[in-house]
Each structure stands twice: as C-alpha cells, then as structure tokens.
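[1] have a look at this fold, sequence not included:
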C-alpha cells in the first residue's frame, strides 16, 4: 500500500543539492536541480552503496561521492558503461510542497 | 521453445583461467550448462597479475576483483569459495569438496593453477617466510612491512622483482638474492638485465646475484632472521619472500589418474586424457610447454570455451610471447629470441648509455624473431607485431631500430607516432586482455566512444597493466578524427578550453562567478559538471579572494561538510594541533567528545594530530561545538588546502637541535592555515639535518642548520615518492615565512586544480620556481603580499561557523522521518 506523503518545502532543499528522508525501507535522497525540478532516489549507489545525497548534482544527474559513478536522477540508472540502478521514488510538487509516494506511513516527523 | 535439458559443467579453480573460460563460454553458449565453480581461496575471482600493484600500494584488493559475487549470481553460477575439491570420481562423474559437497558433472574443467616453487631449504617452515602467490601472501607481506625492518626476496625473475619493488615502496629495506649472474635472464639479455639491476640499485634495492641460498636462518621455534648463502654471506631479514617461480598444481589431476607430465597433459582441444575433462591455465602442459603469462592462457580459454560449446574446429596453438615488467618508471620489454643462436641470426643493437636506453632486435632471414628493449619500450608492440606476422623487414632493416615513426617517416614521407592506420585489424594492442585493433575500432564506431576511459570500460583494452594506453589513445584519435584531440585537451566535457586558458580568461575578462565563466566561455552544459565545477570554484576563489562567494555545491562532499566521508557514510574529524603541539585541556576535550558521541575509533595521524573516526553526520556540529570550547579549530584534514605542519622538537629540547623548529612550524601554520590550494599541501620543519620531521618529502620542507634554514619544495611521500628540490638557504625565520608564502601563492596561482606541488614543480622545472621565488625579490614580496591578503578572507574557522547553526544547518539534518 503506497501513499503520497508530504515531506517538506522545495526551498528546504538546496539548489544543485539534496536532503535525506528516513523511512522504514531505508533513506531516500531528494534532489533539487538548478531549474527547481525535484527527484527522489533510494540513497544507495548501485556500485558500493555510497550515499548519493552527498554527491555533486549537475543537470539531471548526481555523481556518487565514493567512486564517481554517475546516476540519472529520473531513472536511477548508472550512466553507461557502468551498469546498475537504484530505485527511484515518485515525487511531485504542489504549492511549493514536495510529496513522495511511499509505503503507507504511520507518522511523519519533520526535521 | 525447445526444452533441451542443460548439461552440468563443474569448474575446479576460481582463478583467472577458469573464469575467463566461463566468460567466453557464456558469451557463445549462455544456456548450454548449469555451472558450478569451486575455489580454494575465500575471495571471488581476482586479477592475480595485479597483486604486485596491491603490494606496491597502487591498487586495493577491491580494485583487482574481476567478477564480484553478483556476477556469479547474475549468470546463475553456483559458487563455492574457500572450499577446494578433494576428489574426482571419473566413473560416477562426480566431484567431492573438502566440505563434503558432492556435485555431478557432464563436463569438468580443471583450472587449478600453479603453486609457488619452493626450493628444499632448511628453515622454509619458519614464520616470516612467505611465497608471492595470492591475496593471503600479500596480506602477510603488508603486515610485515608495517611491523618489521628488513626483507629478503629470493628470486630475480619477474615475480621476485615485482615483490621486491612492492616491499621497497612500502618502506622496507629490501635485498634480493638471485641464483643467476643477471636479472630476468629468461626474458632479458645480459646487457638489459645489467641496466635493470643498475636502475633498481639506484632506487635502493640491494642485489646478491650469483647467490645461492643455503638456508633460511632462524632461532628454534622463533621467526626467520635472515638468509645464509653458500659463499658464507649472511643477509639479516625479518621477512623472507620466496619467489623463484611456479609449478603446475597437478595434485588433484594426478590422484584422479589423468595423464601428467610436468603439468596436466592436454591436446590442441584443451581436453585431458579423459575426454569429459578439460584443463586450462598454469596447471596444464601443452606440447611439452607450461605457462605463466596471461596471453596464451586467454587463448586457451577461448579454445576450451569453443570446445565446451560443442564446436570442434577450435585448436590451441601457443602464440609468440612478450613480457613487460610492472615497476613504475622502469620500462622493459622482451619478446621471442633474446640473442642470435647461430650464424644465420643477426643482431641489430642500439645503445645510448647516457639516457639508459638499449634496444636489440634479432633477425633471421629478413624476419624479426626477437626483441629486447630497456628504457624506451614505445615500439615494443610494433616489433612484437612484426614477429607475430613474420613480416619481411628487408626494406626497413636499416631504420627499424629507431622505431616505427622513423622507419615509416623515411619510407612513406610523413612523420607521426605509432602508425595505427597501417596496423592490421588483427594486430593485438592489449596483451593482457587480448584485444585486437579491430575489436577496439568496432567498439569505437559501434558504440560511439569518444574517450580512452570509455574504450577501456567497453573493451578492457589497457584496463589491466595500462602500458598500451597510448596506442589505444592513438587508435581512438585515428578513428574519430580531430574532435577527440580537441576534447582531450579540454578541462572536461563542458569546454574545449584547457585549465590554463580558462584561468587566463577569468583574469583577462574579469569573470567573477561560475555562471559568468560558463556563459562567457561558451560552456556546453549550463550547470557545468562534477569535474569542472570544483576547479572553477577554486580558480575564482584564488583570483578574487575578497569578492568571490564560495559555491559550496561545487565542492566535493568532504569540503562541503568539513569532514572526511568514510566508506560507511560516517565522517572523521581532525582538529588542528599547531606544529603538532597540544595541551592537557585539548586532550581532555577530545576524550570527552569521544565518550559523549560514542566515537568508535581515535587514532593518531601521520601529521601529528588526532583523528576521531566514525562520527555520524548529524553529530558533527555538536562535536565541533564541544571541541571549539577548548579552543580547537578545524584541521582541514579534508581539504585541498593546507593540511599539517609537522615538526620535531628542535633546539628547545633536543640536544642536536640547531633552531626552534617547533616554534617555526607553529608560525608557518598560523600563516597558512585555512588557505585553499589546487591540491592538499603539507609542510614540515626539522631542527637539524637528521630530519626527524621528514621535511624532504613534503610540499614545503624546512631543515634547520647552524647557519639558518634550508627551504626545499615539491616533495611527496605518497604513491609516487619524490624528494624535495632545494630552493634556497635563508638566515632568519622571517625570510622562511616570506619565501614559503611566496612559493605557496605562485603554486596557488599557476598549478592546475588537483595538481600537487611535486608534479607541478616537475612540469614547470625547478629553474622556473627559483627564478620566481629566489631571483626576483620584488616578485617574491608581491606574491607573499597577495598570499597574506587572500588569507584575510580564508582564515575563518568553518567548524565554529557551522557549530553556531548559522551556516549550512540543513546539511546536518534529515528533511523528514517517515514511518
């Protein structure tokens, strides 16, 4: 069972940066591009599990801080020839609020 | 769908030969077999050739894994590691492992590899005696390198030399004992072997050639203590590495009743005397020959895979072999015959003793049958190709010793490097991975590759030892034309301008933001990329210290959060200790912080400071706040900037000290802390020429003498060890600060981002550095003034800023918790 859950405002996330959301299924990295698009991925690089939220964001990719794999923010797929994929999480923005489609949650605590 | 039941293939041996065969098999017949692999070692399959690079500290064990466990799972292969097969029942067609696993097979592949050849020496069983064969051996050697004083390597072949060099790189004094009068006598002639020995002696290895080991000395139930030679010489050592060669591992095959000579006998079809059992790699013997190099083994793997796939037209034939030595900075190549064997053979020799270059070609009936090269091996692959193609070289005989470029230029009227256009499609470019020119060209055109890294990733060419990288690059340039050449010179994929050109334009056009740079200079991507953004951020910061606003999203994570990310996502925290000095209060504060935040590891660093490891990201501001109360600030252990100033105690305490080295170190650190530089910068000050602070491997090193201070620059103690070059001797502390500050500023302004002082000094030359810092007094004072000016804006403690909660607070908090 999945639900749309409000996790914060667009401006809470730095441009060309990311914030994390803790969930029972693991951390999710929520990215904001220079054009204010929002994308969310599970926060584990498909290579060695590096925290993608700590990488450098450019265009619509993030470069993993551990070994510089380049991950597509929309699909979660590694840029060829590296192969691997981290799971994307559906997101949407309404009235400046960011919503993620997540497993049905009991409660939300905002940090 | 046709439902042919899969056959069962069992592979004994999880090494390079066995897994290469499986890879080749999966490529041509992916659904033919259910595959089970047994490996005696606990690791997945790794590149044994690169063990010497792991030993030398150039690679990590993880870097040399060829197929991770996921690969086995993805291909449906059942893998048993750490579980050797102990029996084969050929009648029942089953194998049994040490752990009692019994698996039936239709086809069996023996890839049991080789064992180190151990001479029958007294003392071989002592602790401290190791072979050089697998990861476990390397781990033992690395432990010894950390704990012990001296090493002896027995064996002056490829393996022994790489072991000796690796241990030397790890900081051990190393002696090498070799039975023959010259090194690598199976691959090199006397002359090249002599040059090699001379070069390695200059690099600090000690040789005992014509040295026969009599025994490994050691006390009763103690460790090895050294090696005794038959001529009575004794060499003390705490680690003895035996690397005299390998012998095929035939134990299992022998017990199973297969035909054995020196190795497991196989035919041209790679089958053993039992047609259901195949064998490849260092365990086999084919037409009386056994194998230790990778190229023929890859060929065996290909033939064996074809046969396993049911094709009967594949036949193995040993290709001509070539050898290279993997010691950084030493270039050796040999192929085929080492010398003329009778009157029909001729030798062409080129010798330049001043430059340490030696080349010899052996010709027979106008064909090249052998090549030995030392010092300049650029044309090795060309000569090797001439050997393999049995090309008639009568027309270029008088020029070919000078290399392909010269031979071609004079014969075709054009100059150039390696002529990749003339290379045939089946010419082998990468010997390690057996990649032909044709395969590289097909990958480039078929997949639209534009960089060396891409070609490497797709074809594996130059992915193992890397020595063919320049040829691969030349093929890339040849196939794709000028676009690539232009791109190769650029800073990154966003621009064709070089680092130096971009910096010039920043000053020239007065560009003061990254957006301004990117739009004025026609960047291809509006945001830039992860390569150019950190560089631009630094160049702008250096050019406009008072005006440029740092863009923290263009910094790597460590500089963004002012701590070092660790592999588990936690951070390490290193407070600054001026010149290595600390106080009881500071130590108490560090201890309290470690307790309060349950920091798992506290370590003293090589730079005379204390590292708190395993700090959670959200705890960082709290840790910094507590440390700040005791007066501790960031040590910038994470930055491309000033790291540490290491000192010895100097004249204040030491009976040899000539000057106050600790005090001077503190002054230098107070001058330079907080500065951003192209790459990290480390300093040291020693109180006398005994140099206990190891100042001569630092970016800037000061050695005190009675008459003043010797300043030297451009040292590096990392992968590529480099001693400093002497810059100047000065009389006062004030002059040390001025010269060091000026050097630092010129390095900041002129080196490329991520270029340490060592390669920068080598690139621009020490004469240039002296001209700017020593001879041009006015220029020096101006550079020093620019440094001091920029420091006004740089010396703000980033930890205090963030501990206050006013800067980047979002960085240390999660956005939300769900569930």
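    Looks like it came in fine. All values reported here derive from a predicted model rather than from experimental measurement.
[2] could you chop chain B up by domain?
    Domain ranges of chain B: B:7-114+B:248-308, B:129-244, B:499-555, B:558-629, B:642-794, per automatic domain parsing.
[3] what helix or strand is residue B:24 on?
    If you go by DSSP states H and E, residue B:24 is part of helix B:16-28.
[4] ok, residue 45 - contacts?
    Answering for chain A, as no chain was given. By CB atoms under 8 Å, 6 or more residues apart in numbering or on different chains, the contact set of residue A:45 is A:51-52, A:64, A:66-67, A:69, A:71, A:84, A:86. Bear in mind the C-beta positions are built from the backbone N, C-alpha and C, glycine included.
[5] to clarify, I was referring to chain B.
    B:14-16, B:18-19, B:39, B:65-67.
[6] who does it form a beta bridge with?
    residue B:67 (DSSP bridges).
[7] now, which of the contacts of residue A:45 sits nearest chain B?
    residue A:51 (4.8 Å; CB to the nearest CB).
[8] my guess is the closest one contacts residue B:569. True?
    Yes - Residue A:51 is within contact range of residue B:569, at 4.8 Å (criterion: CB atoms under 8 Å).
[9] what's the nearest residue to the residue of chain A most remote from its centre if we skip its chain neighbours?
    Going by CA atoms, centre = their mean, the residue of chain A most distant from its centre is residue A:81, 22.1 Å out. Spatial nearest neighbour of residue A:81, excluding adjacent residues (CB to CB, 6 or more residues apart in numbering or on different chains): residue B:457 at 4.0 Å.
[10] mean pLDDT added to the domains of chain B, as JSON lines?
    JSON lines is the format used below for the domains of chain B (pLDDT from 0 to 100):
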{"stretch": "domain B:7-114+B:248-308", "mean pLDDT": "92"}
{"stretch": "domain B:129-244", "mean pLDDT": "89"}
{"stretch": "domain B:499-555", "mean pLDDT": "93"}
{"stretch": "domain B:558-629", "mean pLDDT": "95"}
{"stretch": "domain B:642-794", "mean pLDDT": "94"}
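[11] looking at those, which is nearest to residue B:331?
    domain B:129-244 (9.9 Å; CB to CB).
[12] how long is that closest one from one end to the other?
    End-to-end distance of domain B:129-244: 13 Å, with CA to CA, to the nearest Å as the criterion.
[13] what about it, distance to the chain center?
    21 Å (CA atoms, centre = their mean, to the nearest Å).
[14] dihedrals phi and psi, the residue of the stretch 101-250 of chain B found nearest chain A?
    Nearest residue of the stretch 101-250 of chain B to chain A, counting by CB to the nearest CB: residue B:135, 18.8 Å away. With angles defined as degrees, to the nearest 10, residue B:135 sits at phi -60, psi -40.
[15] then residue A:93?
    When quoted as degrees, to the nearest 10, the phi and psi of residue A:93 stand at phi -120, psi 130.
[16] could you check how far it is from chain B?
    As judged by CB to the nearest CB, to the nearest Å, residue A:93 and chain B stand 14 Å apart.
[17] return the set of residues that bridge with that residue.
    residue A:98.
[18] buried residues in stretch B:561-579?
    The neighbour-count check on stretch B:561-579 (16 or more other CB atoms under 10 Å in any protein chain shown) flags B:561-565, B:569-579 as buried.
[19] with stretch A:64-74 instead?
    A:64-66, A:68-73.
[20] ditto for stretch B:721-729
    So stretch B:721-729, judged by 16+ other CB under 10 Å, has buried residues B:721-722, B:724-725, B:727-728.
[21] let's have those in CSV, adding secondary structure.
    Shown next, in CSV, are those (DSSP: H, G, I helix; E, B strand; the rest coil):
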residue, secondary structure
B:721, coil
B:722, strand
B:724, coil
B:725, strand
B:727, strand
B:728, strand
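[22] that older thread, and chain A, which of the buried residues of stretch B:561-579 reach it?
    B:561, B:565, B:569 (CB under 8 Å from any CB of the partner chain).
[23] middle-most residue in chain A, spatially?
    residue A:40 (2.7 Å).
[24] ok so, going back, how about the buried residues of stretch B:721-729, which pair is most distant?
    Between all members of the buried residues of stretch B:721-729, the farthest pair (by CB to CB) comes out as B:721 and B:728, at 23.3 Å.
[25] among the buried residues of stretch A:64-74, which are in strands?
    Cross-referencing the buried residues of stretch A:64-74 against strands under DSSP state E gives A:70-72.
[26] could you list which of those also contact chain B?
    residue A:70.
[27] skipping adjacent residues, who's closest to residue B:337 in space?
    residue B:370 (3.2 Å).
[28] ugh, wrong one, I meant residue B:330
    residue B:199 (5.9 Å).
[29] with secondary structure added, can I get the ones next to chain A among the buried residues of stretch B:561-579 in JSON lines?
    Shown next, in JSON lines, are these (three-state DSSP):
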{"residue": "B:561", "secondary structure": "helix"}
{"residue": "B:565", "secondary structure": "strand"}
{"residue": "B:569", "secondary structure": "coil"}
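[30] so which of the residues you listed comes closest to chain A?
    residue B:569 (4.8 Å).
[31] shouldn't that closest one be in contact with residue A:48?
    No - using CB under 8 Å, residue B:569 is not in contact with residue A:48; the gap is 10.8 Å.
[32] quick check: the one residue in the stretch 51-200 of chain B that gets nearest to chain A vs residue B:604, distance?
    Chain A sits closest to residue B:62 of the stretch 51-200 of chain B, with a gap of 8.3 Å, by CB to the nearest CB. Look at residue B:62 and residue B:604: by CB to CB, to the nearest Å, they are 26 Å apart.
[33] more neighbours: which of the two?
    Each of residue B:62 and residue B:604 has its neighbours counted (other CB atoms under 10 Å in any protein chain shown); residue B:62 has more, 12 against 9.
[34] surely residue B:153 and residue B:177 touch.
    Yes - here residue B:153 reaches residue B:177: they are 7.2 Å apart, a contact under CB under 8 Å.
[35] who touches both of these two?
    With CB under 8 Å, 6+ apart, residue B:153 and residue B:177 have no common neighbours.
[36] comparing these two, which shows the higher neighbour count?
    residue B:153 (31 against 26).
[37] quick check: which element contains that one?
    Using DSSP H and E, residue B:153 falls in strand B:151-154.
[38] next secondary structure after that strand?
    helix B:158-169.
[39] which strands or helices does that next one pack on?
    Packed against helix B:158-169, as judged by 3 or more CB pairs under 8 Å, 6 or more residues apart in numbering or on different chains; DSSP states H and E, are the following elements: helix B:51-55, helix B:135-147, strand B:151-154, strand B:174-177, helix B:190-202, strand B:239-242.
[40] wait, does whichever strand or helix holds the residue nearest to the centre of chain A make contact with chain B?
    Following DSSP H and E, one finds residue A:40 within strand A:38-42. No - in terms of CB under 8 Å from any CB, no part of strand A:38-42 sits within range of chain B; the closest distance is 10.4 Å.
[41] what average pLDDT does that strand get?
    Average pLDDT, strand A:38-42: 96.
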